[in-house]
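K.L.:
Predicted model follows, preceded by the sequence.
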Amino acid sequence: MFDLLIKNGTVIDGTGEARFTADVAITGEKIAAIEPHIPVEEARQVIDAQGLVVAPGFIDIHSHSDTYFLRDDRGESRIYQGVTTELAGQCGSTIYPCPPEHMERIRGFADAAVRDYASASFGEFLEKVQRDGKKMGTNLVPLIGHGALRCGVMGYEDRPATKEELEEMKRLLDEDMAHGVWGLSLGLGYTPGVSSDQEELCALGEVVARYQGIITSHMRDQGLGTPRSLEEMYEINRRTGAHVHIAHFKASGRAAWGKAPEFVDNVRKAQKDGIHVTVDLYPYLAASSGITNSFPKWTIQGGKEKAVAILQDPEKRGEIIRQLEERFSTKEDGEGLYVVTTEGRYPPADGKNIWQLSQELGLSMAETIAQVTVETQAQATCISFAMCQEDVDYMLSQKDFAIGSDGVSLPLAPEENEGKPHPRNFGTFPCFLRLAREKGFCTLEEAVHRITGLSARIIGLKDRGILRPGMQADITVFDGEKVTDKATYENPFQKPEGIHHVFMAGQAALLHGEQTDARLGRFLLKKQGFSGEYSISLDKK
């Protein structure tokens with residue numbers, strides 16, 4: 001007797017191969033059978049999926065949800081999109097590991113809301129989570145943030161690591177990789193990662209390579225300097241063999257618009273030359289980050305606080321202002337950057353673009369950005385319209401580029417959020433499926449593959465991402481003709497349409513379009529067995 005039977009659905013199995021009509025039976029946590037006809041009498045529960053697509057649970061290959069379950073275990077913005085698994089700890093930012101004698105550093109690196117969970121290791125973090133009985137809505141695949149490693153060992157010092165410091169970073173990384181973490185994330189556009197050099201990255205890459213892990217990268221430059229930034233990643237692979245993955249690939253900034261084909265060709269040439277490099281992107285024109293992401297990188301080497309200090313120094317302030325004036329020289333430039341929230345630090349800026357705020361304050365746009373930065377101590381979150389549609393469409397047409405949200409797990413109620421977050425938090429995957437349908441850059445089978453099987457293969461997940469007997473029963477059931485995003489920049493707090501059911505480990509997380517009370521998320525750990533084969537260990541919350 002099967003526990004669950006999904007009847008009459010159109011199976012798109014995550015491989016990219018043609019769809020077919022079949023019933024999918026589940027026993028316990030696993031897919032038990034996929035057959036043309038399975039009698040309903042053979043199952044305890046039956047879901048009729050007539051006219052709907054039955055697909056693997058969607059995998060968000062670039063997520064920042066790693067600590068959000070500590071605040072809200074529902075994971076609404078993920079579950080309602082059909083997401084069941086997230087590769088988290090991205091862009092160099094985690095709240096572990098750290099040498100025990102420097103724990104004040106990692107606590108300072110963590111957001112205030114989760115500071116008590118900052119830990120000396122990933123294992124210690126798990127112990128705290130389990131001690132407090134925390135649950136979560138989606139599975140999390142953990143990475144170690146390079147920024148956290150560097151912060152814990154070196155603080156925010158803007159210099160190369162010493163031999164002893166590098167050995168300590170390698171030791172901490174090795175300990176967590178042995179515990180089951182999947183790899184290392186780089187945030188080379190942020191402090192303190194921006195202060196690292198090639199030798200440091202390659203030394204850490206050697207540790208990741210020993211565990212056959214992945215190195216994901218928010219590159220040092222995502223605009224005109226992209227070729228140089230890509231080369232830095234390729235060199236890690238050449239020297240260590242570690243798989244390098246380019247996160248949220250883009251042609252950022254007006255000066256780089258139109259260069260998507262050139263940047264894609266660069267990746268293609270590297271792949272042809274034997275570099276193990278993969279890519280993800282999101283289907284939006286805007287990025288989202290802190291306000292200092294608009295600053296020249298030299299201003300944050302040593303910490304975001306350095307940018308604030310420079311702006312408060314009359315003798316040094318001029319150079320930052322001059323460079324900001326070059327970047328924000330037109331009304332359109334200012335309208336392309338708006339403040340999501342200052343979290344109460346400077347309310348006059350909340351929800352306004354820089355051009356609008358500059359008019360209200362009677363300042364230039366550069367001076368306006370400087371004022372917001374100083375007033376908030378560089379803690380303002382912004383959305384930046386940095387890409388053009390032609391470049392985004394071109395990258396979306398690359399059938400081996402996976403899709404990630406670069407978002408977080410958020411509640412849907414506006415009053416439970418700060419400001420108006422990027423719509424990618426609420427709509428990335430339905431948006432991608434809609435665009436594939438409307439613009440025709442790939443078939444529905446290929447689109448599903450890019451948010452399921454392809455992402456699983458890139459990460460190294462072996463028991464999910466495709467529908468096969470014996471695989472984990474993480475399944476999303478949706479309407480292939482009607483699935484669409486509803487979240488906008490003006491009103492991001494809207495559920496997508498067309499996602500009907502979401503099952504995780506054979507249990508319903510979303511049923512008939514509504515989230516259930518079950519919190520089915522787990523940490524998915526990577527373990528090395530005696531045979532040298534890698535398998536997935538599931539630690540239930």
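P.N.:
Alright, I've got the coordinates. Numbering: from 1, shown residues only.
K.L.:
my read is E305 is in a helix, agree?
P.N.:
Yes: assessed by DSSP: H, G, I helix; E, B strand; the rest coil, E305 belongs to a helix.
K.L.:
Skip the chain neighbours and tell me the closest residue to it.
P.N.:
A378 (6.8 Å; C-beta to C-beta, 6 or more residues apart in numbering). The way it works is simple: take the backbone N, C-alpha and C, and place the C-beta from them, glycine included.
K.L.:
go on, P227?
P.N.:
The spatially closest residue to P227, leaving aside those adjacent along the chain, is N266, at 5.6 Å (C-beta to C-beta, 6+ apart).
K.L.:
counting contacts, what elements does the strand or helix carrying that neighbour pack onto?
P.N.:
Counting by DSSP states H and E, the element that carries N266 is helix 260-272. Applying 3 or more C-beta pairs under 8 Å, 6 or more residues apart in numbering; DSSP states H and E, one finds that helix 260-272 makes contact with helix 226-240, strand 277-281, helix 389-396.
K.L.:
Output the ones you listed as a markdown table; include the columns mean pLDDT, mean neighbour count and distance to K259.
P.N.:
Output for these, formatted as a markdown table (pLDDT from 0 to 100; neighbours: other C-beta atoms under 10 Å; distance: least, C-beta to C-beta, whole Å):
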| stretch | mean pLDDT | mean neighbour count | distance to K259 |
| --- | --- | --- | --- |
| helix 226-240 | 98 | 19 | 7 |
| strand 277-281 | 98 | 23 | 14 |
| helix 389-396 | 98 | 17 | 7 |
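K.L.:
Could you say which helix or strand holds Q222?
P.N.:
Per DSSP H and E: nothing holds Q222, as it lies in no helix or strand.
K.L.:
and it, what is it in contact with?
P.N.:
Applying C-beta atoms under 8 Å, 6 or more residues apart in numbering, we find Q222 in contact with 189, 229, 248-253.
K.L.:
Can you report phi and psi for Q359?
P.N.:
phi -70, psi -40 (degrees, to the nearest 10).
K.L.:
cool, P421 as well?
P.N.:
Reported as degrees, to the nearest 10, the phi and psi values for P421 are phi -60, psi 160.
K.L.:
what's the nearest residue to it if we skip its chain neighbours?
P.N.:
Beyond its immediate neighbours in the sequence, the residue positioned closest to P421 (C-beta to C-beta, 6+ apart) is P492, lying 5.7 Å away.
K.L.:
same check, this time on E375
P.N.:
Distance criterion C-beta to C-beta, 6+ apart; nearest residue to E375, sequence neighbours excluded, is Y346 at 3.9 Å.
K.L.:
State the phi and psi torsions of the one you found.
P.N.:
The phi and psi values for Y346, taken as degrees, to the nearest 10, are phi -150, psi 70.
K.L.:
and the residue nearest to P421, how many neighbours?
P.N.:
Close neighbours of P492, defined as other C-beta atoms under 10 Å, add up to 24.
K.L.:
what's the helix or strand for it?
P.N.:
With DSSP H and E as the criterion, P492 is inside neither a helix nor a strand.
K.L.:
where does it sit relative to K486, distance-wise?
P.N.:
9 Å (C-beta to C-beta, to the nearest Å).
K.L.:
quick one: common contacting residues for those two?
P.N.:
Joint contacts of P492 and K486 (C-beta under 8 Å, 6+ apart) are 426-427.
K.L.:
before we move on, back to that, might you report the residue contacts of the residue nearest to P421?
P.N.:
Each residue near P492 by C-beta under 8 Å, 6+ apart is listed here: 420-423, 425-427.
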